[in-house]
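**Q** Turn this into a model:
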Amino acid sequence: MVAVSLKKFLIANLERATDAPTSAYLWLADSLVSLEDYRSVPLTSIQARARQAPLLVVHGYSSVAPAWAQELVRGATRLLLLPAGSRPFELPGWDVRVGVPASGEWYASAELPLSPIALQLGGFVEDQLSPLLRTRDIDGERAWEPLMLRRQRRGEPAPAVVAGRAGGRRWVIATAEGYWRWAFRRGAGRQLYRALWTGVAGWLMEGRSSGEAGLQPLRRVVERGEALRWRAPGGIDSLTVELDGAEAPLWRGVAGPGDTLAAHLEPGTYRFRARAHRGETVAASAEGPAEVEEYSRELLPRPAASLDELVAGGGPAPDQPGAGRPRHLATLGWPYLLLIALFCAEWAVRRYIGLR
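**A** This is a model prediction of the structure:
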């Protein structure tokens, strides 16, 4: 994957979400700088890498994008675009038009439309997500929309991401700005961020000639208690997956065609190596990072049951007399009456014997 940012904003969060081998460059002071060693890179070198890359990511593309950026976009076969600017523009060679950004705060809706990654996105809590900004209308041959937004949680929904096709090529455009807010917050925001972009990248790279796509884990990042899983592609004799920890190999599994491997591991970051075999030869291979997070939805606090829910469920109301719950001494009245009576009796006796 080749990622180019035309704005002074690092795209490390997007790289972590996709977990794909990435060459990333930043447009800085009228030159392209590699994010690996922060050295200037010739434009011809980046153009050559972009032509060979299975996926091109362009951040900050706008109506004033330089000519070299327009040529990169025109020549891509798989394109992920994060637009910027306040003017509409058309993607050269894609027959796609990006509209003017709309103002206001836009919140993700838990009502997910049908899409290839709907199962990966489900289960998040709307109130735990930061709003996105500046949504745009996308005019093109759409294929699906994985996530919807509502301005101030009201009104008509608008897509957060739009995916489409142009002939045999595929494109995805992020319609809003501010996705990094989800990535910077632990919990539901970070989970949704990773699930969204890994799903988008997976769909974009479907159908590539490289055999690596079928050897990737179904999800690179899973919650605590969930398993890292691989599904062996068809047309092979066996799939072998090995997982290494920080110091030593930890797990190894072998599956036949169409079978699924599942590795249940403690939270941590691991490195996997997958090999697809035909007979005695290795037909395809892949390796990369995989992670089991400390986070789990089961660890999130659950709202307390209301009085109506307790009564409807057969439980006693909290303030109902005779509910069977023990009452503390401080909540009763008779101990106070007893103390007052003892105090008055002591005062009367002391006065009777002349001590008052």
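
**Q** any weak-confidence spans in the stretch 201-350 of the chain?
**A** 207-214, 234, 295-331 (pLDDT under 70).

**Q** ok, which stretches of it are strands?
**A** Secondary structure of the stretch 201-350 of the chain, counting by DSSP state E, counting those that start in this stretch: strands at 221-222, 228-231, 238-244, 249-255, 260-263, 268-278, 281-292.

**Q** Out of those, which one sits most buried?
**A** Ranked by mean neighbour count under mean count of other CB atoms under 10 Å, the strands of the stretch 201-350 of the chain are led by strand 221-222, which reaches a mean of 23. Glycine gets a C-beta too; all of them are placed from N, C-alpha and C.

**Q** Which neighbours in the sheet does it have, and how are they oriented?
**A** strand 281-292 (parallel) (DSSP bridges).

**Q** how distant is the partner strand from the center of its chain?
**A** 22 Å (CA atoms, centre = their mean, to the nearest Å).

**Q** and if you look at stretch 156-172?
**A** 18 Å.

**Q** mean confidence score for that stretch?
**A** Regarding stretch 156-172, the rounded mean pLDDT is 90.

**Q** follow-up on the earlier one: as a markdown table, the strands of the stretch 201-350 of the chain with distance to residue 99 would be great.
**A** Shown next, in a markdown table, are the strands of the stretch 201-350 of the chain (distance: least, CB to CB, whole Å):
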| stretch | distance to residue 99 |
| --- | --- |
| strand 221-222 | 33 |
| strand 228-231 | 39 |
| strand 238-244 | 44 |
| strand 249-255 | 47 |
| strand 260-263 | 42 |
| strand 268-278 | 40 |
| strand 281-292 | 36 |
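
**Q** Go through those and name the closest to residue 114.
**A** Each of the strands of the stretch 201-350 of the chain has some distance to residue 114 by CB to CB; the shortest is strand 228-231, at 21.6 Å.

**Q** And that closest one, how far out from the chain middle?
**A** For strand 228-231, the separation from the chain centroid amounts to 18 Å (computed by CA atoms, centre = their mean).

**Q** what's the answer for stretch 74-91, then?
**A** 22 Å.

**Q** again with stretch 237-244
**A** Offset of stretch 237-244 from its chain centre (CA atoms, centre = their mean): 26 Å.

**Q** roughly how far apart are residue 99 and residue 73?
**A** Using CB to CB, to the nearest Å, residue 99 is found at 17 Å from residue 73.

**Q** Who has more neighbours out of the two?
**A** Using other CB atoms under 10 Å as the criterion, residue 99 and residue 73 rank with residue 73 on top: 22 against 15.

**Q** list the buried ones in whatever helix or strand that one lives in?
**A** If you go by DSSP states H and E, residue 73 is part of helix 67-75. Residues of helix 67-75 classed as buried: 69, 72-73 (neighbour count, 16 or more other CB atoms under 10 Å).

**Q** before we move on, back to that, can you tell which of the strands of the stretch 201-350 of the chain is closest to residue 57?
**A** Ranking those by proximity to residue 57 (CB to CB) places strand 281-292 first, at 17.0 Å.

**Q** Look at the nearest residue to residue 199 once chain neighbours are set aside and report its pLDDT.
**A** In this structure, residue 199 finds its nearest non-sequential neighbour in residue 117, 3.1 Å apart by CB to CB, 6 or more residues apart in numbering. Looking at residue 117, its pLDDT is 88.

**Q** count of residues packed around residue 117?
**A** Residue neighbour count, defined by other CB under 10 Å, stands at 21 for residue 117.

**Q** dump the residue contacts of it.
**A** Applying CB atoms under 8 Å, 6 or more residues apart in numbering, we find residue 117 in contact with 146, 195-196, 199-200, 202-203.
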